[in-house]
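S.K.: what's the 3D shape of this:
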Amino acid sequence: YGTWADLHYDASAIVMRPAMALTLNGIAQGYIADRIARLFRAEGLTDIMIDTGELHALGGHPEGGDWPVTLDGGAPRRHIALRDRALASSAPLGTVFDKAGTAGHILDPLSGQPAQPLWRLVSVSADSAAMADALSTGMCLMSAKEIHAAAAAIKGVRVVHLATLE
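M.R.: Residues are numbered from 1 along each chain as shown. Modelled structure (predicted):
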């Protein structure tokens, strides 16, 4: 992995050192799901599940009921129902930078280095997939007490799954 000093950009190009990669999925997948949902709603479409890596349910399942979602971030699996809501999950070690699988893609904002993973999976539900996406990523750096306090402070946000490292 590299540091921000290894990244150079202007209006015409983004240049990184060789073997460096950049992902914007800390919020981009949720934002894109929300944009697609707005387009579908504008056309009058309902009962659709949008999956960009994060989920945005418009209505319920076309065959009736809510959309069934299984979160597989540790035992036991968690099953939730989704209707007219979004869901995002972050796994600190879901993408790693080293062969040992210990340097995860969620960075400590103070050091810019991979954060020490506290959770296997953090899943958040909200009205907006971008909000759920940003929160699930940021909450990977928080204690359980901090996570629940943050969720309680934001209208419509629910922490639906916290899977510990075992």
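
S.K.: need the next SSE after the lengthiest helix in the chain, C-terminal direction.
M.R.: Longest helix in the chain, counting residues (DSSP state H): helix 28-42. Where DSSP states H and E defines the elements, the next helix or strand beyond helix 28-42 is strand 48-51.

S.K.: how far off centre is that next one?
M.R.: 15 Å (C-alpha atoms, centre = their mean, to the nearest Å).

S.K.: with stretch 9-19 instead?
M.R.: That offset, for stretch 9-19, works out to 25 Å (C-alpha atoms, centre = their mean).

S.K.: does the residue sitting nearest the centre point of the chain count as helix, strand or coil?
M.R.: Centroid check for the chain by C-alpha atoms, centre = their mean gives residue 133 as the closest residue, at 3.6 Å. Under DSSP: H, G, I helix; E, B strand; the rest coil, residue 133 falls in the helix class.

S.K.: now residue 89
M.R.: Per three-state DSSP, residue 89 ends up strand.

S.K.: now the longest helix of the chain: mean pLDDT?
M.R.: Averaged over helix 28-42, pLDDT sits at 96.

S.K.: which strands or helices does that helix pack on?
M.R.: strand 48-51, strand 55-58, strand 86-90, helix 129-139 (3 or more C-beta pairs under 8 Å, 6 or more residues apart in numbering; DSSP states H and E). Where C-beta positions appear, they are placed from N, C-alpha and C, glycine not excepted.

S.K.: what's the closest of the ones you listed to residue 108?
M.R.: Among these, helix 129-139 comes nearest to residue 108, with 11.7 Å by C-beta to C-beta.

S.K.: contact partners of that closest one?
M.R.: 25-31, 33-34, 37, 50, 52, 54-56, 86-90, 106, 119, 122-126, 146-147, 150-151, 154, 157, 159 (C-beta atoms under 8 Å, 6 or more residues apart in numbering).
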